[in-house]
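> Below are the sequence and a predicted model for it; my questions follow.
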Amino acid sequence: MDDENLPLDDPAPSSPIAKAVERKANNIKVEDEDEDDGMEVAQAGGITTASVNMSGTRPPPKIKKSEAYPSPASSSPTRPPTSQVDASAWNDVTSRLNVMSSTPPTETMGFGKIDYQDAIEADGSLRMFWTDYTEVNGSLCLFGKVLNKKTGSHVSCFIKVDNVLRKLFFLPRQYRTSGTRVTTEEIEMKDVYEEVDGLMGRMKVGMHKIKPCTRKYAFELPDVPKEGEYLKLLYPYSKPQVQPEHLTGSTYSHVFGTNTPLFEQFVLWKNIMGPCWLSIEDAEFGVVHNASHCKLEVLVSKPASITPLSESESGEAPPLTLMSIALRTMLNVKDNKQEILAISARIYQNISLTDTTEPEKLPCRSFTIIRPIHSQFPIGFEGEVKSRAKGLVKLAKTEQEILSFFLGQMSNVDPDVLVGHQLEGVDFSILLSRLQAKKTAQWSRIGRFRRAEWPSSMGKMGGNFFAERALLSGRLLCDLANDAGKSTMTKCTSWSLTEMCSIYLPGTTRLDLDNEAALKSWATTRNGLMDYVTHCEADTFFIAALALKVQMLPLTKVLTNLAGNSWARTLTGTRAERNEYILLHEFHRNKYICPDKATFKGKIKVEDENMEEDSGELKKKDKYKGGLVFEPEKGLYDKFVLVMDFNSLYPSIIQEYNICFTTVDRTKLVSSFPQ
């Protein structure tokens with residue numbers, strides 16, 4: 001029989017189909033019999049479940065959101081998970097380095113001074129290659145290196161130069177003035193001499209020299225002659241400078257040179273063009289005691305006895321000691337301050353500025369000091385250090401111990417140059433702030449000038465930069481990420497350490513790490529923390545290798561020798577100052593008087609010529625508007641893009657401070673300009 005033609009009976013009452021139909025009609029939910037009766041019942045709304053599609057219809061398709069335009073973070077390659085960091089890349093780098101014994105050579109150890117007899121020449125003079133300077137209480141302090149003839153090595157030297165004299169030039173009037181009234185009494189040079197001598201008496205300046213001289217002038221003051229007779233005054237920098245109310249007198253109309261800095265006066269007078277060998281005669285030994293942290297200290301009371309030597313007379317520059325530094329910090333949430341977790345440094349001794357040896361082959365020493373992230377190091381970490389560390393790795397308990405150990409190493413190594421990435425303004429600022437907060441003894445060893453008190457401007461807004469630079473006096477700061485460092489690596493766009501390594505150190509790979517995430521994950525184990533240490537050590541190599549590869553020190557030295565300014569200032573990237581010193585040296589050689597540096601305390605008042613009459617009413621001259629900036633258009637540019645930029649030459653600044661040559665009335669001074 002054909003089963004398809006048979007009528008279908010109702011399902012049996014006990015069949016599963018009947019029970020399912022009944023449950024659907026009554027909307028009753030039956031739990032499985034095997035379910036545990038003692039299960040806790042969640043509160044209402046505590047559990048969210050997906051809705052059940054009882055009708056069996058197809059749900060509407062979901063509308064996919066368009067992907068956002070890729071940002072720098074989303075378009076860059078993603079980092080590996082923090083728990084799966086591969087440390088072989090930087091471990092391979094550190095394993096290939098020529099790391100020497102962790103014990104420094106005997107000639108650089110100890111805190112004592114050397115015998116001056118081992119440094120002087122046969123004729124009793126002293127030769128020093130100067131690298132940096134500072135000014136203290138009217139004295140010029142020069143830092144550099146001298147040859148220790150006993151050991152054949154170059155050691156640090158400190159020279160205190162006293163009695164450098166200011167040079168002021170008084171322009172005599174034609175007729176004597178009485179208040180605001182001009183008399184008919186003609187002025188002679190002896191009248192100016194008497195008034196200036198009386199001014200020195202009121203200023204309590206004992207020793208001073210006055211004599212007439214002839215000087216030229218080629219700047220904007222209309223009542224200053226092209227060439228004329230001046231009264232030159234010389235008195236020590238230890239005495240105060242002439243106050244503004246004395247810049248004019250009854251017998252003189254102008255005074256030039258009142259605020260010339262001590263260093264500028266000295267290098268112009270002695271024609272010192274940047275770092276070079278100096279010959280010092282009549283040097284006084286044994287007079288200066290513990291004024292610095294240098295190995296030799298000398299006093300020069302007669303600045304005329306200092307003479308710069310040419311390269312043909314003295315030879316090339318001495319080798320320098322480089323120390324590259326990398327810091328690891330962690331945030332103290334309670335105090336909201338960055339604290340130092342680890343400091344790693346790599347020392348390269350006797351580095352010649354003309355040596356082109358590959359950085360990987362140069363002998364070096366390294367040390368790292370680290371404290372535990374929490375209360376103690378991971379179990380077995382000390383054994384991991386002994387088995388894997390190639391340099392010195394010291395385990396500290398507190399941040400204070402890290403700072404003290406680092407200062408001790410600075411004293412032993414006595415580096416000439418500190419090299420870092422974002423050292424200026426970031427790592428160095430953190431280091432100084434922690435030294436000050438922890439009241440660390442001998443904190444001034446960070447530089448070469450011995451200090452007992454911190455500068456008053458430390459911690460104040462806007463005053464930190466110059467105070468920090470002053471604390472480092474005697475050591476050069478070479479930062480790969482400041483203006484000078486960026487100018488030597490023009491191929492970079494972000495100037496991160498990783499980008500610099502990928503472009504200028506081919507064959508090496510640096511991995512960026514999230515420091516905070518690492519300290520919470522993979523760096524908590526003994527192997528991971530050791531990889532964390534080697535990553536910090538690898539950074540010290542990358543930093544030093546980059547500075548040596550792009551020849552940052554030789555390049556900045558040559559620029560300083562061309563401009564005649566300070567090497568330390570060139571390393572900060574101050575192009576304007578180099579231009580200024582080029583002109584200062586040239587004007588001084590041709591006996592031109594330079595105008596004093598202007599100090600602006602506020603906006604200059606708008607003069608009458610900046611006012612114009614419009615409909616019978618006076619109004620100010622229209623101000624210049626800022627540069628037009630176009631909104632960037634997103635997309636790929638397949639043609640060349642031309643960018644033209646002028647550093648700080650805004651028309652408003654030029655107009656406000658009258659620094660444009662077109663605004664000076666030179667109709668009467670055409671013949672006074674130097675050719």
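That came in fine, so what should we check first? Numbers count the residues shown, from 1 in each chain.

> Ramachandran coordinates for M323?
phi -130, psi 110 (degrees, to the nearest 10).

> for this structure, which spans come out with low pLDDT?
Where the chain drops to pLDDT under 70, the residues are 1-84, 102-111, 459-463, 599-628, 643-653, 655-675.

> Find the centremost residue of it, please.
For the chain, E424 is the residue whose C-alpha lies nearest the centre (CA atoms, centre = their mean; 2.7 Å).

> looking at this, that one is in a helix?
Yes: under DSSP: H, G, I helix; E, B strand; the rest coil, E424 falls within a helix.

> Is the residue lying closest to H588 once chain neighbours are set aside part of a helix or strand, or is it coil?
Distances taken as CB to CB, 6 or more residues apart in numbering put L268 closest to H588, at 4.5 Å, once the chain neighbours are dropped. From N, CA and C alone the C-beta is placed, and that goes for glycine too. Following three-state DSSP, we place L268 in the helix state.

> residue contacts, L268?
L268 sits next to L584, H585, H588 when contact means CB atoms under 8 Å, 6 or more residues apart in numbering.

> M200 now?
H208, L233, Y235.

> Could you single out the nearest of the residues you listed to T151?
For the contacts of M200, the minimum distance to T151 (CB to CB) is 42.7 Å, reached by Y235.

> Now name the helix or strand holding the closest one.
Following DSSP states H and E, one finds Y235 within strand 227-236.

> who's in contact with that strand?
Contacts of strand 227-236 (CB under 8 Å, 6+ apart): 138, 163-172, 189, 192-193, 196, 200, 205, 207-217, 252, 593, 672.

> Recalculate using a threshold of 6 Å.
Strand 227-236 is contacted by residues 165-171, 192, 196, 205, 208-216 when judged by CB atoms under 6 Å, 6 or more residues apart in numbering.

> now do stretch 525-532
Counting by CB under 6 Å, 6+ apart, A87, P378, G380, F381, E384, R388, W522, A523 sit against stretch 525-532.

> Repeat that for stretch 165-182.
Applying CB under 6 Å, 6+ apart, the external contacts of stretch 165-182 come out as 183, 185, 187, 192, 196, 230-237, 250-257, 593.

> Could you find the closest non-adjacent residue to Y237?
What sits nearest to Y237 in space, not counting adjacent residues and going by CB to CB, 6+ apart, is G138, at 4.0 Å.

> is it true that the one you found touches S238?
Yes: contact criterion CB atoms under 6 Å: G138 and S238 qualify, at 3.2 Å.

> still on that earlier bit, any chance of a ChimeraX selection covering the buried ones in the contacts of strand 227-236?
Restricted to buried positions by 16 or more other CB atoms under 10 Å, the ChimeraX selection for the contacts of strand 227-236 reads:
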select :165,166,167,168,169,170,171,192,196,205,208,210,215,216
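
> Among the contacts of strand 227-236, which lie within helices?
Judged by DSSP state H, the contacts of strand 227-236 include V192, V196 as members of helices.

> ok, then the element right after the lengthiest helix in the chain?
Ranked by residue count under DSSP H, the longest helix found in the chain is helix 526-549. Downstream of helix 526-549, the first helix or strand assigned by DSSP H and E is helix 552-563.

> Mind listing what's buried along that next one?
Residues M552, L553, P554, T556, K557, L559, T560, N561, A563 are the ones in helix 552-563 that count as buried (16+ other CB under 10 Å).

> If you count contacts, what does that helix end up packed against?
helix 567-570, helix 575-589 (3 or more CB pairs under 6 Å, 6 or more residues apart in numbering; DSSP states H and E).

> one more time with 10 Å
If you count contacts as 3 or more CB pairs under 10 Å, 6 or more residues apart in numbering; DSSP states H and E, helix 552-563 packs onto strand 417-420, strand 476-479, helix 483-488, helix 526-549, helix 567-570, helix 575-589.

> Next, the angle helix 575-589 makes with that helix.
40 degrees (axes from the mean of the first three to the mean of the last three CA atoms, to 10 degrees).

> And the contacts of the helix or strand harbouring S312?
S312 is located in helix 311-314, with elements delineated by DSSP H and E. Identification of contacts with helix 311-314 by CB atoms under 10 Å, 6 or more residues apart in numbering yields R127, F129, C276, W277, L278, S279, T307, P308, A317, N561.

> I'd guess the first one is in a strand, am I close?
Yes: in this structure, R127 lies within a strand as judged by three-state DSSP.

> which residues sit in contact with it?
119-121, 144-147, 157, 277-280, 309, 313-314.

> From these, list the buried ones, please.
A119, I120, G144, K145, V146, L147, C157, W277, L278, S279, I280, S314.

> For the first one, give me its contacts.
Residues touching A119, when contacts are defined by CB under 10 Å, 6+ apart, comprise 126-128, 146-150, 154-155, 157, 283, 285, 295-296, 298.

> about what we covered before: okay but the residue nearest to Y237 is in contact with V205, surely?
No: if you go by CB atoms under 10 Å, G138 and V205 don't touch, sitting 11.8 Å apart.

> where do the contact lists of the two overlap?
Residues touching both G138 and V205 (CB under 10 Å, 6+ apart): R166, P236, S238, K239, P240.

> Just the buried ones out of those residues, please.
Among these, those classed as buried by 16+ other CB under 10 Å are R166, P236, K239.

> G201 versus the last one, what's the distance?
Read it as K239. Distance from K239 to G201, counting by CB to CB, to the nearest Å: 12 Å.

> Mind naming the longest strand for the protein?
When the chain is parsed with DSSP state E, its longest strand is strand 337-351.

> Near the nearest residue to A547 once chain neighbours are set aside, how many other residues are there?
Distances taken as CB to CB, 6+ apart put V419 closest to A547, at 4.9 Å, once the chain neighbours are dropped. By other CB atoms under 10 Å, the residues close to V419 number 28.

> next one: T184
The tally of other residues near T184 (other CB under 10 Å) stands at 6.

> that older thread, what would the helices and strands packed on helix 552-563 look like in TSV with distance to E453?
Below are those laid out as TSV (distance: least, CB to CB, whole Å):
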stretch	distance to E453
strand 417-420	22
strand 476-479	22
helix 483-488	30
helix 526-549	31
helix 567-570	22
helix 575-589	28
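
> Thought L97 was touching A538, still the case?
Yes: using CB under 10 Å, A538 is in contact with L97, at 9.0 Å.

> Have a look at the two and say which one is more surrounded.
For A538 versus L97, the count of surrounding residues by other CB under 10 Å is larger for A538: 26 against 22.

> mind listing what the longest strand of the chain pairs with, with the direction of each?
Take DSSP bridges as the rule and strand 337-351 pairs in its sheet with strand 320-332 (antiparallel), strand 365-370 (antiparallel).

> Report the buried residues of that strand.
338-349, 351.

> With stretch 234-249 instead?
For stretch 234-249, a neighbour-count test (16+ other CB under 10 Å) marks Y235, P236, Y237, K239, V242, H246, G249 as buried.

> Any idea how many residues pack against the closest residue to V224 other than its chain neighbours?
Using CB to CB, 6+ apart and skipping residues adjacent in sequence, the residue nearest V224 is Y217, 4.7 Å away. For Y217, the neighbour count with other CB under 10 Å is 22.

> before we move on, what about the one 5 residues further on?
A count of nearby residues for P222, using other CB under 10 Å, gives 10.

> Next one: it from H254, what distance?
For P222, the distance to H254 equals 12 Å [CB to CB].

> Same check on G564?
The value you get for G564 to H254, if CB to CB is used, is 26 Å.

> Then P506?
For P506, the distance to H254 (CB to CB) stands at 60 Å.

> In terms of neighbours, single out the busier of those two.
Set P506 next to H254 and count neighbours by other CB under 10 Å: H254 wins out with 20 against 7.

> Let me know the distance separating the more buried one from S312.
42 Å.

> would a markdown table of the buried ones among the contacts of R127 with secondary structure and distance to T134 be doable?
Shown next, in a markdown table, are these (DSSP: H, G, I helix; E, B strand; the rest coil; distance: CB to CB, whole Å):
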| residue | secondary structure | distance to T134 |
| --- | --- | --- |
| A119 | coil | 21 |
| I120 | strand | 24 |
| G144 | strand | 13 |
| K145 | strand | 16 |
| V146 | strand | 18 |
| L147 | strand | 23 |
| C157 | strand | 14 |
| W277 | strand | 20 |
| L278 | strand | 16 |
| S279 | strand | 22 |
| I280 | strand | 18 |
| S314 | helix | 24 |
